[in-house]
Structures are given as structure tokens and as C-alpha cells.
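**Student:** need a 3D model of the sequence below.
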Amino acid sequence: MTPRDSASDLRRWDFQKSFSAFEIACLIQGIDPLANSASLNEDDPVFKRVSAAYLHSLFLLTGMPSKNLKRELLEGLCHPFLYKKRDHLLGGGDIPDDDVELDSHPRNQLLSVRFERQEVARWLKQLKLTSVYGFQPEEMTPAEWHAWVVKTVERHGGNKSAAARELGITQQRVSEIVNKNISTQSPQKVGSKSRDAGAQALVSVWGKPLNSNKKK
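**Tutor:** The predicted structure is shown next:
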């Protein structure tokens with residue numbers, strides 16, 4: 001292993017919206033995936049943990065027996081194309097017959113999947129794992145938070161319950177935010193941060209910064 005990169009060296013990854021399993025494993029350990037890619041291999045315990053979290057979720061979605069399906073799904077990692085299927089199972093639904101070959105689909109192979117930033121942050125928080133690099137989204141302005149919630153609800157086909165589970169807030173709060181006319185709010189200075197309870201809930205559900213050593 002090479003020496004860990006400083007937090008400032010990892011800031012360029014703040015612009016990245018999604019990550020491969022390899023990139024996640026590197027960043028958790030404070031390694032720049034581009035600068036020190038040769039320093040991590042498939043035997044690395046963090047890479048193995050990230051990979052197992054995804055593959056276990058994929059197997060659960062294809063019908064693998066589970067003693068506690070909800071807990072195991074929440075402790076796994078999924079990419080965006082699998083969110084709807086995961087929410088379907090979390091809501092008590094059955095696995096459709098056409099999903100039994102889900103794990104063989106080229107789009108779902110480990111080397112090609114990309115995980116969204118908020119999904120990685122949720123997974124780390126769920127398992128109480130720490131990361132040198134902070135994957136959690138920063139606090140949002142009211143307009144940004146409103147747009148984010150609306151987009152999440154739309155991606156779930158209007159299912160506010162599923163959106164609430166992903167966002168880590170209540171379904172009632174989702175409804176309040178979606179129905180709020182953001183243009184009627186008093187203007188704020190550019191760059192000012194939201195004091196909206198929903199935005200604070202987003203921060204709190206992902207907990208304290210995963211990167212306790214990150215310098216600002």
C-alpha cells in the first residue's frame with residue numbers, strides 16, 4: 001500500500017456523481033483511484049467488502065433465501081437500475097419470474113456498475129463504517145433540496161413511501177416538500193444554506209461526516 005493521500009488531494013472526487021466498486025474501496029481508505037490505482041487489488045479487504053455488499057444484494061433480488069430480507073437488503077449496495085426492484089421487495093413484493101437471470105445481465109456485472117454518491121453514503125451509515133473520503137452530499141439550499149426530493153419521487157414512479165426510504169425522511173415530510181411552492185419562499189442570499197427540516201433530516205440520517213479527518 002502507498003501512503004494515504006491527503007483529504008485535499010481527494011477533493012476532485014467531489015465532482016463525481018457515481019463510483020465503481022474499485023473507486024469506492026480506494027476512497028474509503030483515502031487512496032486516489034487515479035493516482036495510486038496499482039496500490040489496491042482484489043484481495044484488499046475493503047474492495048472485497050464493497051463487492052460482497054453489491055453481489056449479495058443482487059443475489060437477494062434474484063431469489064436467494066434470506067432470514068431477514070429487509071435488513072440484508074439495506075446492508076447491501078445497489079446501483080440505480082436496481083432501486084425499484086429493491087423497493088419492491090422492501091415493500092413486501094414478490095420477485096417477478098423474469099428476474100431470476102438478473103445476475104447474468106451485462107449491465108449488472110460488478111466491473112460495469114456505478115453506485116450513486118448517496119447510495120454509498122447510506123450504505124456506510126447503515127453499517128456504521130467510517131471513510132476517509134466523505135461521500136455524503138453537502139447541505140442543500142431550499143430550491144436544491146426541493147428539486148432533489150421531487151426527482152427522487154419521480155424516479156420511484158410517484159411512490160412517496162419508496163422515496164422516503166431512500167431519502168431517510170418520513171413519507172409525510174416528502175409530501176410536504178413536494179407540495180411546497182418553492183417560488184413563494186422569501187429569497188435567500190446566494191450560497192446560503194437551508195434551515196428546512198427536511199434538509200437537516202437528510203444530513204442527520206447519514207450521520208456525522210464520515211470523514212472525520214477531512215480538512216476544510
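**Student:** could you list the domains of this protein?
**Tutor:** Domain assignment of the chain by automatic domain parsing yields the ranges 7-126, 142-205.
**Student:** which one of the ones you listed has the lowest average pLDDT?
**Tutor:** Here the lowest mean pLDDT among the domains of the chain goes to domain 142-205, at a mean of 68.
**Student:** from residue 42, how far out is residue 52?
**Tutor:** For residue 52, the distance to residue 42 (Cβ to Cβ, to the nearest Å) stands at 12 Å. C-beta coordinates here come from the backbone N, C-alpha and C atoms, glycine included.
**Student:** cool, and residue 26?
**Tutor:** Taken as Cβ to Cβ, the span from residue 26 to residue 42 is 13 Å.
**Student:** the helices in the chain, which residues?
**Tutor:** Under the criterion DSSP state H, the chain contains helices at 21-28, 45-61, 69-74, 83-90, 117-126, 142-155, 160-167, 171-179, 197-205.
**Student:** deepest-packed of the ones you listed, please.
**Tutor:** helix 21-28 (a mean of 24; mean count of other Cβ atoms under 10 Å).
**Student:** and that helix, what does it pack onto?
**Tutor:** Judged by 3 or more Cβ pairs under 8 Å, 6 or more residues apart in numbering; DSSP states H and E, the packing partners of helix 21-28 are helix 45-61.
**Student:** what's in contact with the helix it packs on?
**Tutor:** By Cβ atoms under 8 Å, 6 or more residues apart in numbering, the list of residues contacting helix 45-61 from outside reads 21-22, 24-25, 28-29, 40-42, 66, 69, 72-73, 75-79, 82, 85-86, 89, 95, 99, 102-103, 108, 110, 113, 115, 123.
**Student:** what about the spatially most central residue of the chain, distance to residue 154?
**Tutor:** Centroid check for the chain by Cα atoms, centre = their mean gives residue 119 as the closest residue, at 0.9 Å. Note on residue 119: its distance to residue 154, by Cβ to Cβ, is 17 Å.
**Student:** now swap in residue 77 and tell me
**Tutor:** 23 Å.
**Student:** now swap in residue 86 and tell me
**Tutor:** Note on residue 86: its distance to residue 154, by Cβ to Cβ, is 17 Å.
**Student:** and if you look at residue 160?
**Tutor:** 11 Å.
**Student:** between the two, what contacts are shared?
**Tutor:** With Cβ under 8 Å, 6+ apart, residue 160 and residue 154 have no common neighbours.
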